[in-house]
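[1] need coordinates for the following:
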Amino acid sequence: MLTRILITVGLLIISNVFMTFAWYGHLKLQQAGISSNWPLYVVILVSWGIALAEYSFQIPANRIGFVENGGPFSLMQLKVIQECITLVIFTIFTIVFFKGEQLHWNHFVAFLLIIAAVYFAFLDTNK
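    Numbering: from 1, shown residues only. This next block holds a predicted model:
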């Protein structure tokens, strides 16, 4: 079971790296002057190509991790895990690639609330 947990979380991390680049990487390319003159449809097609890689990791992660396929996680747990990973990856991406963005106290409060969401998503309500 530990193997399925690690594979699921690992694939979700890889998936979210691709997702973050698909959703926000074009903004950095524009900021760097690389894609400033690209038509919007080209930006969309490039992002879709990156998103295809994202799906190539996301779908197996959900299949492997889902309880009905022998995995350890319910559908709600998979979603909450994915959202937490997304936030961590996005925060790292923002700090590394967008130097002007800063974290403030309200962001940390939001992170704590998401951690609380993880706690409640994994709370065993059958007891």
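[2] can you tell me the centre-most residue of this structure?
    Using C-alpha atoms, centre = their mean, the residue of the chain that lies closest to the mean C-alpha position is residue 86, 2.7 Å off.
[3] which parts of the protein are strands?
    Taking DSSP state E as the criterion, the chain contains no strands.
[4] buried residues, the helix or strand bottoming out on mean pLDDT in the chain. List them.
    For the chain, scoring each helix and strand by mean pLDDT, DSSP states H and E identifies helix 105-122 as the least confident one, at a mean of 87. Neighbour-count burial for helix 105-122 flags 114, 121 (criterion: 16 or more other C-beta atoms under 10 Å). C-beta coordinates here come from the backbone N, C-alpha and C atoms, glycine included.
[5] okay, now the unreliable bits of the chain?
    127 (pLDDT under 70).
[6] what's the neighbour count on the closest residue in space to residue 94 that isn't next to it in sequence?
    Nearest-residue entry for residue 94: residue 101, 4.8 Å, with adjacent residues in sequence omitted and distances by C-beta to C-beta, 6 or more residues apart in numbering. The burial count assigned to residue 101 is 11, neighbours taken as other C-beta atoms under 10 Å.
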